[in-house]
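A.B. asks: Have a look at this fold, sequence not included:
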């Protein structure tokens, strides 16, 4: 995985976190331990996925775009068009980033741009047959790798994991909204 960030390979032991809490009273050792394990596992999962995508000549960003386009097709939205701006919103990236991803995908003939049928000033993006073929070739292996990775958890454990991760995501959203409100009050 390209080093977009660095992260500890060896996490600190709980005892070290407990000692650090003596110096930094706001440090909750159990919370920090859980947080570091969450980040470490997320990083490991990203690296695991990146390894497979790289073997197929696709970056994570490019894979996200073609999967979003496939999802549009799979959800019975074949006649609905998708703009680069909509793809950027769906992927959670900037429009400039999406433009770069679409440029390389189009260069490799995996997607195509076309003027919108209703508004010629707008462009739409769709998968090409070559893009669909690439996904058809690589997705069975991708899905098997994910199933193999998650096989260490029982179905109830998976449901618990999803519930707990959703809870953390909700907390982040709540805290982010609070931070935005706090910043505007202070301004």
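C.D. replies: Done, it's in. If you're wondering where the values come from, they're calculated on a predicted model, not measured in any experiment. Numbers count the residues shown, from 1 in each chain.

A.B. asks: Which parts of this structure are helices?
C.D. replies: Here the chain has its helices, by DSSP state H, at 14-23, 29-55, 60-74, 84-91, 95-107, 129-150, 155-186.

A.B. asks: Adding distance to residue 113, write those helices out as a markdown table.
C.D. replies: All C-beta atoms are positioned from the backbone trio N, CA, C, and that covers glycine. Putting those into a markdown table (distance: least, Cβ to Cβ, whole Å) gives the following:
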| stretch | distance to residue 113 |
| --- | --- |
| helix 14-23 | 51 |
| helix 29-55 | 23 |
| helix 60-74 | 12 |
| helix 84-91 | 8 |
| helix 95-107 | 6 |
| helix 129-150 | 13 |
| helix 155-186 | 33 |
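
A.B. asks: and those helices as a markdown table, adding mean neighbour count?
C.D. replies: Below are those laid out as a markdown table (neighbours: other Cβ atoms under 10 Å):
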| stretch | mean neighbour count |
| --- | --- |
| helix 14-23 | 12 |
| helix 29-55 | 14 |
| helix 60-74 | 18 |
| helix 84-91 | 17 |
| helix 95-107 | 16 |
| helix 129-150 | 13 |
| helix 155-186 | 10 |
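
A.B. asks: Break this structure into its domains for me.
C.D. replies: Listed domain ranges for the chain are 12-55, 57-137, 153-187 (source: automatic domain parsing).

A.B. asks: Next, format the ones you listed as a markdown table and append distance to residue 147.
C.D. replies: As requested, these are exported to a markdown table (distance: least, Cβ to Cβ, whole Å):
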| stretch | distance to residue 147 |
| --- | --- |
| domain 12-55 | 13 |
| domain 57-137 | 17 |
| domain 153-187 | 11 |
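
A.B. asks: so which of these gets nearest residue 144?
C.D. replies: Closest of those to residue 144 is domain 12-55, at 9.9 Å (criterion: Cβ to Cβ).

A.B. asks: average model confidence for that closest one?
C.D. replies: Mean pLDDT, domain 12-55: 89.

A.B. asks: rewinding a little: let me know which of the helices of the chain is the nearest to residue 118.
C.D. replies: helix 84-91 (14.1 Å).

A.B. asks: Tell me the gap between the closest one and the middle of its chain.
C.D. replies: The chain centre lies 13 Å from the centre of helix 84-91; the measure is Cα atoms, centre = their mean, to the nearest Å.

A.B. asks: cool, stretch 120-132 as well?
C.D. replies: 22 Å.
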